[in-house]
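Asker: structure for this input, please:
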Amino acid sequence: MATTEVTSGVIKDASITAAKLAANSVDSASYVDGSIDAEHLSANSVDSASYVNGSIDAEHLADNAVTLAKMASGTDGNIISFDSSGNPVAIATGNDGQVLTSAGAGAPPVFETPAGGGIGEVIIGPTSFTGVRRLDIGAASGDNAWAAGFNYRVYGYNIDHTSSGTSEGVTRMLGLQLLTNGGYQTDNYGYRVQHHHGGADSSSSGQPSIRMTQSTPQAGTNNARTSVIIEFINPALSDTSHKRNCFWQSAYDRYNSTEISGSVGVGYHPATSTLPILGCAFVHLAANTTLETSSTFSGSYIVTRTACTT
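Answerer: This next block holds a predicted model:
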């Protein structure tokens, strides 16, 4: 019996329908290159298993298509930068008080402790206070504790000795006490100060505080304020070879006068020969160095620090 072949010439155009095709009878070899378009793909028919590794490039991503939620997890506090080859790198998390510093072209930035100079890092403030006779600044432990390897500067401003309980003709002064790991020292202070209103140098020892100003005016004098800057050079260093001290400069309104005065001075406490200074306190003084027991004072302050060589 002769074999009869059916050739394409015998088949009428458009006469083969889907019903005439057996299941799985059309494979990839039967597709004409470029014949499958997006319109031939059903919705959600291509999944990640169908992608060839490395086949998705930046040109396949729409602008703003990658969100933070799509990024791989990283380490808390790390920053993404790029190396000399343009590859992304993670900048390790720095420590408290460090700043991000450029390492120059071709190198990622790094966190470093800032060098000394300038106003420094603000660690407390601006902070206001009112209705107190002593204001503690710093602490023996915690975030406000003073640490070795840093210089500290305390700015006091808008300090008003007229808060309560004083009257015209009564003067008050601004004093300073020092905090060591034995607590606040409350006696045996020494200081030397020059007041810039014609007064001579004055010095004292065995006092309950360091007196930084003289005769500041009380109630009835308009806008009478005291400002002071106090410097401590590496005060928290544990070193028994030298006595730790502080020095200051101040500006204030003189009692019963329109004259503006000021002072510069240095103060110390014998305990700081062996103990580090961990903070200080503003104290409200009555006549000379006597601690005030009735009236209070108010004002604001800021504490900054800069790194130094230990």
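Asker: low pLDDT regions in the stretch 151-300 of the chain?
Answerer: Low-confidence segments of the stretch 151-300 of the chain (pLDDT under 70): 162-171, 197-202, 215-224, 254-259, 287-289.
Asker: which parts of it are strands?
Answerer: For the stretch 151-300 of the chain, the strands defined by DSSP state E, counting those that start in this stretch occupy 173-180, 183-184, 189-195, 202-207, 210-211, 226-232, 245-253, 260-268, 279-285, 296-307.
Asker: most packed of those?
Answerer: Comparing the strands of the stretch 151-300 of the chain by mean neighbour count (mean count of other C-beta atoms under 10 Å), strand 210-211 ranks first with a mean of 26. C-beta coordinates here come from the backbone N, C-alpha and C atoms, glycine included.
Asker: so what are the sheet partners of that strand and their directions?
Answerer: strand 173-180 (antiparallel) (DSSP bridges).
Asker: output the strand it pairs with as CSV, nothing but the C-alphas.
Answerer: The C-alpha coordinates for strand 173-180 follow below in CSV (Å, rounded to 0.1, in the frame of the first residue of the first chain):
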residue,chain,number,x,y,z
MET,A,173,28.2,87.0,93.4
LEU,A,174,28.9,84.0,91.2
GLY,A,175,31.0,81.2,92.7
LEU,A,176,32.2,77.8,91.4
GLN,A,177,32.6,74.4,93.1
LEU,A,178,34.4,71.3,91.6
LEU,A,179,33.2,67.7,91.4
THR,A,180,35.6,64.9,92.0
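Asker: I'd say His161 and Leu285 touch.
Answerer: No: in this structure His161 lies outside contact range of Leu285 using C-beta atoms under 8 Å: 9.0 Å.
Asker: quick check: neighbours shared by those two?
Answerer: Contact criterion C-beta atoms under 8 Å, 6 or more residues apart in numbering; residues shared by His161 and Leu285: Arg172, Met173, Leu174.
Asker: go through the strands of the stretch 151-300 of the chain and name the closest to Val89.
Answerer: Val89 sits nearest to strand 296-307 of all these, at 26.1 Å, using C-beta to C-beta.
Asker: this protein: helices as residue ranges?
Answerer: Assigned helices in the chain: none (criterion: DSSP state H).
Asker: could the strands of the stretch 151-300 of the chain be laid out in CSV, adding distance to Pro109?
Answerer: Formatted as CSV, these follow (distance: least, C-beta to C-beta, whole Å):
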stretch, distance to Pro109
strand 173-180, 36
strand 183-184, 41
strand 189-195, 45
strand 202-207, 50
strand 210-211, 43
strand 226-232, 31
strand 245-253, 36
strand 260-268, 40
strand 279-285, 33
strand 296-307, 18
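Asker: of the ones you listed, which approaches Asn87 most closely?
Answerer: strand 296-307 (32.2 Å).
Asker: who does that closest one touch, helix- and strand-wise?
Answerer: Judged by 3 or more C-beta pairs under 8 Å, 6 or more residues apart in numbering; DSSP states H and E, strand 296-307 is in contact with strand 121-132, strand 134-138, strand 150-164, strand 279-285.
Asker: show the contacting residues for Gln177.
Answerer: Counting by C-beta under 8 Å, 6+ apart, Gln177 has contacts Arg134, Tyr184, Gln185, Thr186, Tyr189, Pro208, Ser209, Ile210, Cys280, Ala281, Val283.
Asker: Phe282 and Phe129: what is the separation?
Answerer: For Phe282, the distance to Phe129 equals 8 Å [C-beta to C-beta, to the nearest Å].
Asker: which neighbours do these two have in common?
Answerer: Common contacts of Phe282 and Phe129 (C-beta under 8 Å, 6+ apart): Leu135, Gly299, Tyr301.
Asker: what lies in contact with stretch 95-103?
Answerer: The contact list for stretch 95-103 (C-beta under 8 Å, 6+ apart) reads Ile79, Ile91, Gly94, Pro109, Val110, Phe111, Glu112, Thr113, Pro114, Glu121, Ile123, Arg305.
Asker: which pLDDT value belongs to the nearest residue to Ser81 once chain neighbours are set aside?
Answerer: Distances taken as C-beta to C-beta, 6 or more residues apart in numbering put Pro108 closest to Ser81, at 4.2 Å, once the chain neighbours are dropped. Per-residue confidence at Pro108 stands at 78 (pLDDT).
Asker: Pro108 is in contact with Val89, isn't it?
Answerer: Yes: here Pro108 reaches Val89: they are 5.3 Å apart, a contact under C-beta under 8 Å.
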